[in-house]
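> Need coordinates for the following:
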Amino acid sequence: MAEVISVRFRSGCKNYDFDPRGEQVKMGEQVIVETAQGPEFATCTAANHEVADSAVVRPLCPVLRKATDADRRTVEAQKKRESEAFDICEKKIADHGLEMKLVNVSASFDGNKILFYFTADGRVDFRELVRDLAGVFRSRIELRQIGVRDEAKMIGGLGICGRPFCCSQFLNGFLPVSIKMAKTQNLSLNPAKISGTCGRLMCCLKYEQNAYEDAAKRMPKAESFVQTPDGPGNVKSVDLLRETVKVSLDSAPEPLKCYHNCEICVLRNGKGSREGIVIPDQRPERYVEEAEEDPFEAPIFTPLLYADLEREEPMREKIGGPGTAGETKRRHRGGRRRGKSGESKAAEPKKEQPKAAPTKAEGEDKSRRPRRKSGKPPAQEEAPRSAAPAVETAGESGESKRRRRPHHRGGRRHSKGGAPAGQE
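The predicted structure is shown next:
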């Protein structure tokens, strides 16, 4: 077993193993590693771990050190140099009249080498271009021709699915993709629909190919002769994802009927003659899909409950919500309006009787009455609401005497004539 760390360079998404030489490196830390082209700046993608000796690519290059602030400033300076080299190279290509397209420029960490990537339809003689670039930058110049897939990987972008290119995000290498994969997956053979931005077949066709191939082994081919619960017939189309087939029955060719794979019995796979094929008397059973109950499914409310909620919600907001002081106040007011029978007191005006001066016994009875919720003694509370004139209470001093005025709120109390107090 060998201890290694995995790193990724800024220009690609492939992981490479390096020897940490006993130094503990965490994932996400930046390090300086030794490569065949010299020291390079990289980011750790997997901390110290052990791999089998057979999986190690020899020779295993070492990790020089962890990156410092000076190393990061050097990387930023190299990026500015790459941007300037890109503009200068494009001008030189135009001056020489070369049929090539510059894609990317990469400078080494130590600045001794600059690599130019370009695409072209054929071979290009760029010897004069290299001499001009070497005279400008005073370093080693290398031009490398790449394909359209590598160009899409370096530039990046969004595919027809709306996500970034797979090759620029996580693919370590390009997968071989053929038109046969599109046929197996029953996709349209229109090149505009199954091709990526690079103009080649989409790499994602390879992702589900194994699943389609496994389903194709269990499903019958088109034009197969099968036995169904409704009788024999020929398969017209196959859906590999749903594992269903559409069959044209001998008894009723139209319309086509859809059956699950477990509902059919294959008598002849593929095209051919029916001669010599014995149709069994027993037909397959129908496939019944059991619906599983979802424990997290939201409860179903009846329309009546929704109507109650819509009717009560504005009232709760108006009185301050359930259980609040506003609701309690509203309940007390409602209790004053209605009597025992539930009818409004305003319907039957109360007959008032002339009041006499209270006696000593009555004063004692009043003093023994329990206090109200307001906490004030009975002597300090207001007299009962009535339309009668104010009466002086026996035993009160001149300063404490006050006139009891009839209280009218919204026409709750009425006088003898039936009109609200104060409107006579």
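> how close does residue 170 sit to residue 195?
As for residue 170, its distance to residue 195 is 21 Å (criterion: Cβ to Cβ, to the nearest Å). Heads up, the C-betas are built off the backbone N, CA and C, glycines and all.
> Between these two, point out the one with more neighbours.
Here residue 170 and residue 195 are compared on neighbour count by other Cβ atoms under 10 Å; more neighbours surround residue 195, at 13 against 10.
> Not counting sequence-adjacent ones, nearest residue to the more buried one?
Distances taken as Cβ to Cβ, 6 or more residues apart in numbering put residue 201 closest to residue 195, at 6.0 Å, once the chain neighbours are dropped.
> for the record, mean pLDDT for the longest helix seen in the chain?
If you go by DSSP state H, the chain has its longest helix at helix 69-96. Within the predicted structure, the mean pLDDT of helix 69-96 is 91.
> hey, where'd the helices end up in the stretch 151-300 of the chain?
Listed from the start of the chain, the stretch 151-300 of the chain has helices (DSSP state H, counting those that start in this stretch) covering 179-184, 191-194, 209-218.
> returning to what we had before: could you check how many residues crowd around the residue nearest to residue 195?
For residue 201, the number of neighbouring residues by other Cβ under 10 Å comes to 19.
> Check the contact between it and residue 176; I expect there is one.
No - using Cβ atoms under 8 Å, residue 201 is not in contact with residue 176; the gap is 9.6 Å.
> Mind telling me what element residue 132 is part of?
Under the criterion of DSSP states H and E, residue 132 resides in helix 127-137.
> Counting by contacts, list what that helix packs against.
Packed against helix 127-137, as judged by 3 or more Cβ pairs under 8 Å, 6 or more residues apart in numbering; DSSP states H and E, are the following elements: helix 69-96, strand 113-119, strand 140-145.
> Buried residues of the longest one, list them for me.
Looking back up the chat, that one is helix 69-96. Across helix 69-96, burial judged by 16 or more other Cβ atoms under 10 Å covers 71, 74, 78, 81-82, 85, 89, 92-93.
> on contacts alone, who are the packing partners of that helix?
Using 3+ Cβ pairs under 8 Å, 6+ apart, helix 69-96 sits against strand 30-35, strand 38-51, strand 101-107, strand 113-119, helix 127-137.
> between that helix and strand 101-107, how big is the angle?
Helix 69-96 runs at 150 degrees relative to strand 101-107, counting by axes from the mean of the first three to the mean of the last three Cα atoms, to 10 degrees.
> repeat for the second one
Strand 113-119 runs at 160 degrees relative to strand 101-107, counting by the same axes, to 10 degrees.
> And strand 113-119, what does it pack against?
Under the contact criterion of 3+ Cβ pairs under 8 Å, 6+ apart, strand 113-119 touches helix 69-96, strand 101-107, helix 127-137, strand 140-145, helix 148-155.
> Repeat the analysis, applying 6 Å as the threshold.
Applying 3 or more Cβ pairs under 6 Å, 6 or more residues apart in numbering; DSSP states H and E, one finds that strand 113-119 makes contact with strand 101-107, strand 140-145.
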